[in-house]
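In: Whatever this is, show me its structure:
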Amino acid sequence: MKDGVYYSDYLQLDKILGAQELESDKAGDHAHDEMLFIVIHQAYELWFKQILFEVSSVMNIMSQPNISDNSPDLFTVNHRLSRVVTILRVLVDQINIMETMTPLDFLDFRNRLRPASGFQSIQFKLLEAHLGLRMDNRHGKAYYTSQLKPEDKKIIEDAELTKPLIVLINEWLERMPFFDKAEYWKGIGIEAGKHPFWKNYSAAYDASLVDGEKNNLIRFEELMFSDEKKEEWNLSSKARRAALFIMMYRDYPLLQAPFQLTNLLLEIDNCLSAWRFRHVNMVHRMIGNRTGTGGSTGKDYLQGALLKHYIFQEFAELTSFMIERNKLPQLSHELKARLGFES
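Out: Predicted structure coming up:
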C-alpha cells in the first residue's frame, strides 16, 4: 500500500525553510534583521504567485467569445478576484512587520544587497502587465526593465503581447446586449444618432450639474459617445456606456454580478495604490532621500509610480457621470424582464 502524504514532504519545507541565506553571514558579519527582510520578501513572492494563478484563470474565462448570463463563469471570476483583493490587503498589512526593523538595523546589511532590488521582482511586473499596465504608460519607463536580466526582460515583453485583463473586460462590456435588441424599446423609437435612452440620460445628467460642473457635460460626451479611441484609453465609448448602465441599474438581478466585477477591479487598484503608498513611506523612513539599492531614485521614483500606475481608473471616472436614482430614465417592460431573469 502506498504511504500517505507526509506534511513536510508535501509542502517541500526542506526547500522553503532552507532558502534563507544571509549575505551578512557569508561575510562573517551577522545582521540579525536580514532574516526578517528575506522572509518578508519570500512571502511576498509566494503571494504574488498565487495572485498570478488567480488572475490567469480569470483571464482564461474572460477570453471566451461569449459568457452566458446564467452560467457560473462570472461568479467564478468575482470569487477569484475577491480572493486577489484579500491577498493584496494582506500584502499591505505585511508592511507593518517590515517596519519593526529600524533604519539602523537595515543599514547593517543594506549595502550587501546591491544591485538587487524589489524593482527586479518579475512576478510583480508580470502581474501589472497581466492587469493592463503597459510599458508606455509607466512612470520612468526607460528604467522599468533596465535592471533585469535579458531572459527576465523577455518574459515581460512577451506578456505585453497578450491581451491584458483590462482589454478582456472592455471586450466583454462591448458585448453586453442591453441596447442591441429593438424589442427592448417598443414604443420608444430608435432615431438616427444617439440612442433615445442616452438622449434622455444626457438631458437628466445636464440638469443635475451645478454651475461649477458644466464642463463635465463636455467630458461626458467625449468619453461616452466619441468614435475616437485615444492611446491612453483602455475602455471604448461603447464599453463605458455599458459600465455606466451597470452601475446605475445594478439592483436588477442580471446586473449584480457585473456590478460586483467593476467594483472588484477598482478595489484591486485601491489595494495596489495603498501598497505603493505604504512602500513610499517605509522607504522614506528607512533610507530618506538616498538612492535605492537597484539604482532608482528611491522615494521619488516610488512617489511617481504611486500617482501614475492606476489601471482601472476609467471605471472610477464614470462616477462623475452618475445621476440620482429617481432621475433615471425609465426602462421598457421588455428590458426590465430581461434584466430580472424573467422569460
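In: make it CA atoms for all contacts and neighbour counts henceforth
Out: OK.
In: For residue 165, give its distance to residue 227.
Out: 22 Å (Cα to Cα, to the nearest Å).
In: give me the element residue 74 is part of.
Out: helix 73-98 (DSSP states H and E).
In: For that helix, which helices and strands make contact with it?
Out: Identification of packing neighbours for helix 73-98 by 3 or more Cα pairs under 8 Å, 6 or more residues apart in numbering; DSSP states H and E yields helix 34-62, helix 253-287.
In: Would you check the distance separating it from the middle of the chain?
Out: 11 Å (Cα atoms, centre = their mean, to the nearest Å).
In: mean confidence for it?
Out: In this model, helix 73-98 has a mean pLDDT of 96.
In: how about it: buried residues?
Out: 74-75, 77-85, 87-89, 91-92, 94, 98 (16 or more other Cα atoms under 10 Å).
In: Now for residue 234, how many residues are close by?
Out: 20 (other Cα atoms under 10 Å).
In: That one reaches residue 171, doesn't it?
Out: No - counting by Cα atoms under 8 Å, residue 234 does not reach residue 171; the two are 10.3 Å apart.
In: In which helix or strand does the nearest residue to residue 24 once chain neighbours are set aside reside?
Out: Nearest residue to residue 24, sequence neighbours excluded (Cα to Cα, 6 or more residues apart in numbering): residue 30, at 5.0 Å. Per DSSP H and E: residue 30 is located in neither a helix nor a strand.
In: Tell me the spacing between residue 30 and residue 118.
Out: Taking Cα to Cα, one finds residue 30 at 22 Å from residue 118.
In: same check, this time on residue 245
Out: Where residue 118 is concerned, residue 245 sits at a distance of 40 Å (Cα to Cα).
In: which stretches of the stretch 151-300 of the chain have low pLDDT?
Out: Along the stretch 151-300 of the chain, the model assigns pLDDT under 70 to residues 179-194, 289-300.
In: In it, mark out all the helices, start to finish.
Out: 165-174, 196-208, 215-225, 237-248, 253-287, 299-308 (DSSP state H, counting those that start in this stretch).
In: Near the residue nearest to residue 45 when sequence neighbours are not counted, how many other residues are there?
Out: Nearest non-adjacent residue to residue 45, counting by Cα to Cα, 6+ apart: residue 123, 7.1 Å away. Residues lying near residue 123 (other Cα under 10 Å) number 20.
In: which strands and helices sit next to the host helix or strand of residue 123?
Out: Per DSSP H and E, residue 123 falls inside helix 122-131. For helix 122-131, the packing partners by 3+ Cα pairs under 8 Å, 6+ apart come out as helix 34-62, helix 150-159, helix 165-174.
In: and it, how far out from the chain's middle?
Out: Counting by Cα atoms, centre = their mean, helix 122-131 comes out at 10 Å from the chain centroid.
In: Show residues contacting that helix.
Out: 45, 48-49, 51-52, 55-56, 134, 152, 155-156, 159-160, 163-166, 311 (Cα atoms under 8 Å, 6 or more residues apart in numbering).
In: tell me the angle that helix makes with helix 150-159.
Out: 20 degrees (axes from the mean of the first three to the mean of the last three Cα atoms, to 10 degrees).
In: For helix 122-131, buried residues please.
Out: 122, 123, 124, 125, 126, 127, 128, 129, 130, 131.
In: Tell me the one among these nearest to residue 205.
Out: Closest approach between the buried residues of helix 122-131 and residue 205, by Cα to Cα: residue 131, at 31.5 Å.
In: can you tell me how far that closest one sits from residue 169?
Out: 10 Å.
In: cool, and residue 83?
Out: With Cα to Cα as the criterion, residue 83 and residue 169 are 18 Å apart.
In: which residues does residue 48 contact?
Out: 123, 124, 127 are the contacts of residue 48 under Cα under 8 Å, 6+ apart.
In: out of these, who's nearest residue 280?
Out: residue 124 (16.4 Å).
In: shouldn't residue 217 be in contact with residue 206?
Out: Yes - the pair residue 217 / residue 206 is scored as a contact, 6.4 Å apart, by Cα under 8 Å.
In: pretty sure residue 260 is touching residue 78, no?
Out: Yes - in this structure residue 260 lies within contact range of residue 78 using Cα under 8 Å: 7.0 Å.
In: which residues does residue 163 contact?
Out: residue 130.
In: The helices of the stretch 151-300 of the chain into CSV, with extra columns for mean neighbour count and distance to residue 335?
Out: Putting these into CSV (neighbours: other Cα atoms under 10 Å; distance: least, Cα to Cα, whole Å) gives the following:
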stretch, mean neighbour count, distance to residue 335
helix 165-174, 20, 17
helix 196-208, 16, 12
helix 215-225, 15, 21
helix 237-248, 20, 12
helix 253-287, 19, 11
helix 299-308, 16, 39
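In: Could you export those helices as JSON lines, including distance to residue 5?
Out: Formatted as JSON lines, the helices of the stretch 151-300 of the chain follow (distance: least, Cα to Cα, whole Å):
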{"stretch": "helix 165-174", "distance to residue 5": "37"}
{"stretch": "helix 196-208", "distance to residue 5": "61"}
{"stretch": "helix 215-225", "distance to residue 5": "57"}
{"stretch": "helix 237-248", "distance to residue 5": "48"}
{"stretch": "helix 253-287", "distance to residue 5": "36"}
{"stretch": "helix 299-308", "distance to residue 5": "44"}
